[in-house]
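Enquirer: sequence-free structure coming up:
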């Protein structure tokens, strides 16, 4: 590994024994590592939390916060840090316990300077490898998104032009060409429309993953979003002879989110509820809140989803087969988009369904706290 | 306004221009085309169409906005500023969300907005409405 990288390596040593701290410091004096020592867990953890570190050397046996506790806590504040434990007595069990808790390696006391240096060098190598892996992964993900965006735009534009030509042909050639030719044009157009939908969803997924779709974190009301979305879905509902009901309580507390992304999410859920319903069926949007979260549920009176399919409907490209979806076009990306949007906002989308009994998709998002404290509106009771 | 109102299409994509023209001519309108923003502003000024169909995402989004700014600002284009503009683009988002957050947002808010590819019925009814027919 290059020396350039190791110049930046920050090593934190936490040990209650002053002699040991000095010894560690001395052993690494002529290396390129930046070594800092702390006498107890809390001060070392504060340092890590504030400015980060690459390697942590921690004594397992300390008064106050134990080494094991430090290992546990550091996982939460710096999950990528490489931890090496110093074990006072070289029993395999303590070392194994520490490794199970997330430590990378251990060094039994007493140890020589050379032994210590070897262990540290291995640890540093490990964190540099991990850094490199993370960098490569990020790069790869960015490349993948760039590729998706590029390909999609390159496909979208020409396909759109073809769709527009076919639209014109279909309208203007009526009466001039045989009926079945017109039918072919209509079918071609339908294929293009479906393909454009897939590309659109693909782009959306890559936008969500790239953090470009969910950009706002503002207080929003589910009831406003539901009203907008049901309004825009009304003609689709009419076409499918499905009735829409907005039962989101008016005084439901606000959530934190991005209006465009959440409208898209809710549109997907309501759109599905309309599409996979029965003629004369209903779609009902309801909402409820607890102290930390506010949820909105979209229920349909469709055929429901079997338990084995329920596990997969949130996977990309997965589509439930069989009579329920026969003849209905879909990209298999609507629900993955919904879930990704919710997760991006610190929430989730869940499903409850029983075959023959309809499905309910519930989107749960964190409650807007500012507003909650500002106006104690007793809204919990609405649930 | 007569059925054969004059409509100017400003779009850098030849196929979109051709098929949009076909839709409009099929409905009896007179159609002119411009292939870029500059050409669009010039043609609009000389032709004084009754409606402009403008792609706001040509070479770059900036080009579309620049054209709208120019067309809607009385200083530059005089009476052209009153011509309604139907914005089109293949971007799904609400076009106002694409506008840079300048104080001029009001001025360039589109008279109407449709997503490409255009659907003939929706497109023609929007055109008709915008022409006050």
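Expert: That came in fine, so what should we check first? Treat the numbers as computed from the prediction; the structure is a model and nothing was measured.

Enquirer: In chain B, where is pLDDT below threshold?
Expert: B:1-3, B:58-62, B:74-78, B:92-110 (pLDDT under 70).

Enquirer: which stretches of it form helices?
Expert: B:14-26, B:37-47, B:61-72, B:74-77, B:105-108, B:120-130 (DSSP state H).

Enquirer: Which of these sits closest to residue A:357?
Expert: Closest approach to residue A:357 among the helices of chain B (Cβ to Cβ): helix B:120-130, 37.2 Å. No exception for glycine: its C-beta is placed from N, CA and C like everyone else's.

Enquirer: Need the residue in chain A that's farthest from the chain's center.
Expert: residue A:176 (53.2 Å; Cα atoms, centre = their mean).

Enquirer: re earlier: with mean neighbour count and distance to chain A added, can I get the helices of chain B in TSV?
Expert: Converted to TSV, the helices of chain B look like this (neighbours: other Cβ atoms under 10 Å in any protein chain shown; distance: least, Cβ to the nearest Cβ, whole Å):
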stretch	mean neighbour count	distance to chain A
helix B:14-26	19	4
helix B:37-47	18	18
helix B:61-72	20	13
helix B:74-77	12	29
helix B:105-108	13	17
helix B:120-130	17	5
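
Enquirer: now those helices as a markdown table including distance to residue A:268?
Expert: As requested, those are exported to a markdown table (distance: least, Cβ to Cβ, whole Å):
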| stretch | distance to residue A:268 |
| --- | --- |
| helix B:14-26 | 28 |
| helix B:37-47 | 36 |
| helix B:61-72 | 26 |
| helix B:74-77 | 42 |
| helix B:105-108 | 29 |
| helix B:120-130 | 22 |
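
Enquirer: Pull the contacting residues for the spatially most central residue of chain A.
Expert: Chain A has residue A:343 as the residue nearest its centroid, 4.3 Å off, counting by Cα atoms, centre = their mean. By Cβ atoms under 8 Å, 6 or more residues apart in numbering or on different chains, no residues touch residue A:343.

Enquirer: Report the separation between it and chain B.
Expert: 22 Å (Cβ to the nearest Cβ, to the nearest Å).

Enquirer: Flag every buried residue along the helix or strand containing that residue.
Expert: Residue A:343 belongs to helix A:334-344 when elements are defined using DSSP states H and E. Buried residues in helix A:334-344, defined by neighbour count with 16 or more other Cβ atoms under 10 Å in any protein chain shown: A:334-342, A:344.

Enquirer: what about residue 9, how many neighbours?
Expert: Since no chain was named, I'll use chain A. Burial measure for residue A:9: 22 neighbouring residues, criterion other Cβ atoms under 10 Å in any protein chain shown.

Enquirer: My question was about chain B, not that one.
Expert: Residue B:9: 26 neighbours (other Cβ under 10 Å).

Enquirer: doesn't residue B:33 make contact with it?
Expert: Yes - contact criterion Cβ atoms under 8 Å: residue B:9 and residue B:33 qualify, at 5.1 Å.

Enquirer: any residues in contact with both of the two?
Expert: With Cβ under 8 Å, 6+ apart as the test, residue B:9 and residue B:33 both reach B:17, B:21.

Enquirer: For residue A:103, give its distance to residue A:149.
Expert: According to Cβ to Cβ, to the nearest Å, residue A:103 stands 41 Å off from residue A:149.

Enquirer: The two - which one has more neighbours?
Expert: For residue A:103 versus residue A:149, neighbours defined as other Cβ under 10 Å are more numerous around residue A:103 (24 against 16).

Enquirer: if I pick the more buried one, what's in contact with it?
Expert: A:71, A:83-85.

Enquirer: Of the residues you listed, which is the most crowded?
Expert: residue A:85 (26 neighbours).

Enquirer: packing partners for the helix or strand containing that one?
Expert: According to DSSP H and E, residue A:85 maps onto strand A:82-87. Under the contact criterion of 3 or more Cβ pairs under 8 Å, 6 or more residues apart in numbering or on different chains; DSSP states H and E, strand A:82-87 touches strand A:55-59, helix A:67-77, helix A:92-100, strand A:105-108, helix A:113-172.
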